[in-house]
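*Asks:* Starting from these lines, generate the structure:
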Amino acid sequence: MPASGAAVTAAAATVMSGTTAANPPYALPLGFFQQQAGGGAGKSLLIKGGGWWSTATAARTTNFQVGLNSTAGTGAIALPFGKTGTLTTVVTTLALFDFEVLVTATSPGFGATTSVLNALGWVEYGIGNNAATGTFGTYSSNNASRFMIGTGSVPINPVPTTQYYVECSNTWDATTNAPTITLTNFYVFGLN
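*Replies:* Here you go, the predicted model:
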């Protein structure tokens, strides 16, 4: 990610990963999960990222997603590797978040036959640059909370001949009190 993504302040699903010519979306190579040699499943992606967020004057609710879109810049992730559901923030002006998702093909698909992908990961939210003593398991002014995300028992099924973009999006419940979140780091590693 050559530059930070655009700040997301909207009460609508908005892509926070690359969306500009200077910071383009990550296009997954066509047929990535198909084996080039060998005989089966097992190709994987490791997606990592993070950045900062702020809800300066009032708590807000937020929803984070990471996954595949066939059209770059689409806020609602079509094939999610993971999403949080609705989370309630604390009031803060300096908070950080990070995430990691491991995606594995259990069936690579071929042509128009869909792949079968399972994903497991987490997203963590916390107060940044805070030297106060924290308490494990409590999300407040000096702690972090980790939320598990993934496909669970229902894998996603992309078509190997379709172009996909690996994207992250966020949704705030409202724009009141100016909530914002900015993705500053975004990495996609192809494994196997």
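*Asks:* what comes into contact with stretch 182-192?
*Replies:* 1, 4-8, 16-18, 26, 28, 32, 42-53, 98, 166, 168 (Cβ atoms under 8 Å, 6 or more residues apart in numbering). No exception for glycine: its C-beta is placed from N, CA and C like everyone else's.
*Asks:* Narrow the residues you listed to just the buried residues.
*Replies:* 1, 4-8, 16-18, 26, 28, 32, 43-45, 47, 49-53, 98, 166, 168 (16 or more other Cβ atoms under 10 Å).
*Asks:* Can you pick out the ones from the contacts of stretch 182-192 that are in strands?
*Replies:* Under the assignment DSSP state E, these contribute 26, 28, 44-53, 98, 166, 168 to strands.
*Asks:* between these, which is closest to residue 159?
*Replies:* Nearest to residue 159 among the ones in strands among the contacts of stretch 182-192: residue 28, at 12.1 Å, using Cβ to Cβ.
*Asks:* What residues are bridge-paired with residue 169?
*Replies:* When bridges are called by DSSP bridges, residue 169 pairs up with residue 15, residue 65.
*Asks:* same check, this time on residue 116
*Replies:* Under the criterion used (DSSP bridges), residue 116 bridges to residue 107.
*Asks:* same thing with residue 191?
*Replies:* So, taking DSSP bridges as the rule, residue 191 has residue 44 as bridge partners.
*Asks:* repeat for residue 50
*Replies:* residue 98, residue 185.
*Asks:* Where does pLDDT dip in the chain?
*Replies:* Applying pLDDT under 70 to the chain flags residues 1-2, 35-42, 129-143.
*Asks:* Just give me the residue right at the centre of it.
*Replies:* With the centre of the chain defined as its mean C-alpha position, the nearest residue by Cα atoms, centre = their mean is residue 66, 2.9 Å away.
*Asks:* list the contacts for that residue?
*Replies:* Residue 66 neighbours (Cβ under 8 Å, 6+ apart): 47, 49, 77, 80-83, 99, 101, 121, 149, 166-169.
*Asks:* Provide a list of residues in contact with the closest residue to it other than its chain neighbours.
*Replies:* Closest residue in space to residue 66, ignoring its immediate chain neighbours: residue 168 at 4.8 Å, by Cβ to Cβ, 6 or more residues apart in numbering. Neighbour list for residue 168: 5, 15, 16, 17, 49, 64, 65, 66, 99, 183, 186 [criterion: Cβ under 8 Å, 6+ apart].
*Asks:* What about residue 33, how many residues nearby?
*Replies:* 25 (other Cβ atoms under 10 Å).
*Asks:* Look up phi and psi at it.
*Replies:* phi -80, psi -10 (degrees, to the nearest 10).
*Asks:* Pretty sure it sits against residue 105.
*Replies:* Yes - judged on Cβ atoms under 8 Å, residue 33 makes contact with residue 105 at a distance of 4.0 Å.
*Asks:* what do these two both touch?
*Replies:* With Cβ under 8 Å, 6+ apart, residue 33 and residue 105 have common neighbours 43, 115, 117.
*Asks:* Alright, that wraps it up for me.
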